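Asks: got a predicted structure plus its sequence, pasted below:
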Amino acid sequence: MALRKKKKGSQAKDLILISVLLVLILGAIGGAAWMYFGNKKAELDKTTFCPIVNGEPTPSATLTILLDETDPLSSLQQDFVMVAIENMVREVEPGTLISIYTLSSTGEITRKPVFERCKIRDGSDADPLTENEKLLKKRFINNFRAPLASIMTGLTSSQEKGKESKIIEQIQSCAINTFQKWHPEGEQTLVIFSDMLQNSQGFSMYKNRNYKFADFKKLPFAAEAKTNLLGVNVEIYYFITNARLQRNSNVEFWKDFFRSAGARVNRVEPVGK
């Protein structure tokens, strides 16, 4: 009987020891998780809210939007732009850099995007054990959602018709100030809302209606228009403003233009009036 009691006592001590070890292990795991998740806010750049990698803000991907406002948009086109951008932003993953450029009726090239921030987590995927969903949601609204909404209210509002439409020059600006500035590991996407009718002193699609990209390359302006968009995926939402000029040859021109810049056109979607 004495031996049996001793054995039970030994088993009890073993169980206590195992319990203590489990508590310590779980505590260590919980502490590590808290350090990782709890410090996510400190790992975002204060200006762009992009993830910090090796001390530098580094987006995981880029979504660059170019809105051509050189011609007033119809009510239908305005609504289309708002819905399309909302859907795009909703679908991209946190860490994606959202950059929005506008091509204004003044003819000036936008060198800096009117909006440039990385999408941050909205708290919907928060871990209830290690994260505060309400704080994540508040940070998302204050630092991403509200600034984007403020910019969106001013888009598509222009009612002035521009004398020039420097689409190629603005694409160059996007290439330099976004795609060559940031180097994400993920996809780089350029979305254009435009009638795609270039009209500048260097090259006008209104003056030369039978243009082909092969002919364009022979122009002096072609050297000035050289653009590097290596690896960029392009989507075009094609505003119908002048069906007489917006023929299939126009679409083929832009496909060749982007192909020569190292990009690929994945979508051309007409948007009527």
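Replies: Nice, I can see it.

Asks: worst-scoring helix or strand of the chain, pLDDT-wise?
Replies: Comparing every helix and strand of the chain by mean pLDDT, DSSP states H and E singles out helix 2-38 as the least confident one, with a mean of 52.

Asks: what lines up beside the helix or strand that it is followed by in the sheet?
Replies: Following the chain from helix 2-38 toward its C-terminal end, the next helix or strand by DSSP states H and E is strand 52-53. Sheet pairing of strand 52-53 (DSSP bridges) gives strand 56-57 (antiparallel).

Asks: on contacts alone, who are the packing partners of the next helix-or-strand element following the partner strand?
Replies: For strand 56-57, the following helix or strand on the C-terminal side (DSSP H and E) is strand 61-68. Strand 61-68 makes packing contacts with helix 75-91, strand 96-103, helix 167-174, strand 188-194 when contacts are defined by 3 or more C-beta pairs under 8 Å, 6 or more residues apart in numbering; DSSP states H and E. Just so you know, the C-beta spots here come from the backbone N, C-alpha and C atoms, and that holds for glycine as well.

Asks: how far does the shortest one sit from its chain's centre?
Replies: Just to be clear, that refers to strand 188-194. Once both centres are worked out by C-alpha atoms, centre = their mean, to the nearest Å, strand 188-194 turns out to sit 10 Å from its chain's centre.

Asks: dump the C-alpha coordinates for it into CSV.
Replies: This file holds the C-alpha atoms of strand 188-194, laid out as CSV (Å, rounded to 0.1, in the frame of the first residue of the first chain):
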residue,chain,number,x,y,z
GLN,A,188,1.4,46.2,-60.6
THR,A,189,-1.8,47.4,-62.2
LEU,A,190,-2.6,50.5,-64.2
VAL,A,191,-6.3,51.3,-64.7
ILE,A,192,-7.2,54.0,-67.1
PHE,A,193,-10.6,55.8,-67.4
SER,A,194,-10.4,57.7,-70.7
